[in-house]
Structures are given as structure tokens and as C-alpha cells.
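Chemist: the amino acid sequence is not available; the structure is as follows:
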């Protein structure tokens, strides 16, 4: 059961992060931090389908995390769900078309090794 929770957390967190990145790229950089401008930016983001999807995915991740913590120790849950970093790196490369250098791939590989050690 705990690996099912881990899978849901990883998938929903990675989906939420990618959707959030897509939504912010479409919105553009927020440069004006006066209260009125912040309010307008928040209103625009609240109408963005990508941001709405990101919030929904992160909500699923949150509740799956609660479920995982009810059946597994925190010392297992946090390292096991770190595999999200690997999936997000892959999605950044292939979905967001980001340039991912070799050091980031090495880092992602180290995370995979750490998750494997924790799962033993």
C-alpha cells in the first residue's frame, strides 16, 4: 500500500510542478509588486487552466502524503518520494524542452540510488 501512495505522490507532484511551470511561462514574469498589480496577477493566475490543474494535482499529492504517513514512517516517506526530482528532471527535458546539463543528470542518478537504498 505504501508504494501505491508513493506512486500517486510522485505522479501528482511532478504533474503539478510541470503544470505550474507551464502556467507561469504563459503568464510571464511578475515584475510589479505593488498591491494592485499583485492582485491582478493573482486573478489572472486563478483563471489559468494550467495553474488550476497544478493546484488540483498538488492537492492530490498532499492527501496521498497524509495517507502514506499513516502507513509508513517519515524516515521512509520523505526519501522515497524524492524520486519526484528524477521524474521532474525528465519532464523538464522532454515536456518543457529545458536544457538539462550532465551535472543535473548525475544528481538525478544519485537520487535514484538513495531511493533504492531507503527501499531496502
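Modeler: It's in. Model, not experiment: these values are computed from the prediction.

Chemist: for this protein, longest helix please?
Modeler: Counting by DSSP state H, the longest helix found in the chain is helix 2-27.

Chemist: pull the helix or strand with minimum mean pLDDT from the protein.
Modeler: One helix or strand of the chain scores below all others by mean pLDDT, DSSP states H and E: helix 35-46, with a mean of 84.

Chemist: how far out from the middle of the chain is that one?
Modeler: Centroid displacement of helix 35-46 relative to its chain, using Cα atoms, centre = their mean, to the nearest Å, is 23 Å.

Chemist: follow-up on the earlier one: just the angle between the longest helix of the chain and helix 35-46, please?
Modeler: Orientation check (axes from the mean of the first three to the mean of the last three Cα atoms, to 10 degrees): helix 2-27 against helix 35-46 gives 120 degrees.

Chemist: in terms of secondary structure, what does helix 2-27 contact?
Modeler: The elements that helix 2-27 packs onto, with contact taken as 3 or more Cβ pairs under 8 Å, 6 or more residues apart in numbering; DSSP states H and E, are helix 35-46, helix 49-71, helix 74-80, helix 83-94. C-beta coordinates here come from the backbone N, C-alpha and C atoms, glycine included.

Chemist: if you set the cut-off to 10 Å instead, what comes out?
Modeler: Helix 2-27 is packed against helix 35-46, helix 49-71, helix 74-80, helix 83-94, helix 102-119, with contacts defined by 3 or more Cβ pairs under 10 Å, 6 or more residues apart in numbering; DSSP states H and E.

Chemist: mean pLDDT for those: which is lowest?
Modeler: Of all these, the minimum mean pLDDT falls on helix 35-46 (a mean of 84).

Chemist: against residue 50, how distant is residue 23?
Modeler: As for residue 23, its distance to residue 50 is 3 Å (criterion: Cβ to Cβ, to the nearest Å).
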